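Trainee: Quick one, fold the following:
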Amino acid sequence: MFRSMVRTGIEALPASRTRQRALRTFLANPAVQRVAAKAGLSTGKAGAAVSTLQGDELRRAASQARTVNEDLAGGATVVVTTTTIIIVLLIIILIVALAD
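Mentor: Numbering: from 1, shown residues only. Predicted structure coming up:
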């Protein structure tokens, strides 16, 4: 039983790192930073919070961040992704605020 739990935890590490990387890529994007600044949201605060996200919270935020990353890389208009950008930033900031 204990070995199974350890193995599950070890297998989850690469997935967590991949999800955190997706969020950091999202936060580093100039389009995301512009939208966040206009909305009065701090990408710095959100970036600091990335390492605190776990489980479903991390999975959901990373999934949405990947969508934005792919849309922006594919040339999608910023207007379409602005709402998603704000939602992801708010999710990260709210999770951190609730954890404090």
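Trainee: element containing the closest residue to Ser16 other than its chain neighbours, please.
Mentor: The spatial neighbour of Ser16 that comes closest, neighbours along the chain excluded (Cβ to Cβ, 6 or more residues apart in numbering), is Leu58 at 6.4 Å. All C-beta atoms are positioned from the backbone trio N, CA, C, and that covers glycine. Element membership of Leu58, judged by DSSP states H and E, is helix 55-73.
Trainee: For that helix, which residues meet the burial criterion?
Mentor: Judged by neighbour count using 16 or more other Cβ atoms under 10 Å, the buried positions of helix 55-73 are Glu57, Leu58, Ala61, Ala62, Gln64, Ala65, Arg66, Thr67, Val68, Asn69, Asp71, Leu72.
Trainee: And for stretch 86-93?
Mentor: The neighbour-count criterion (16+ other Cβ under 10 Å) identifies Ile86, Val88, Leu89, Ile91, Ile92, Ile93 as the buried residues of stretch 86-93.
Trainee: Please enumerate residues in contact with that stretch?
Mentor: Contacts made with stretch 86-93 from outside it, assessed by Cβ atoms under 8 Å, 6 or more residues apart in numbering, are listed as 23, 26, 32, 35-36, 39, 41-43, 45-46, 49-50, 53, 57, 60-61, 64-65, 68.
Trainee: Distance from the chain centre to it, please.
Mentor: Stretch 86-93 has its average C-alpha position 8 Å from the chain's average C-alpha position, going by Cα atoms, centre = their mean, to the nearest Å.
Trainee: distance of the closest residue to Leu41 other than its chain neighbours from Arg66?
Mentor: Computed as Cβ to Cβ, 6+ apart, the closest residue to Leu41 that is not its neighbour in sequence is Leu89, at 4.7 Å. Relative to Arg66, Leu89 is positioned 15 Å away (criterion: Cβ to Cβ, to the nearest Å).
Trainee: same check, this time on Val50
Mentor: Val50 is 14 Å from Arg66, where distance means Cβ to Cβ.
Trainee: hmm, back to that, helices or strands next to the helix holding Leu58 in the packing?
Mentor: Judged by 3 or more Cβ pairs under 8 Å, 6 or more residues apart in numbering; DSSP states H and E, helix 55-73 is in contact with helix 2-28, helix 30-39, helix 78-99.
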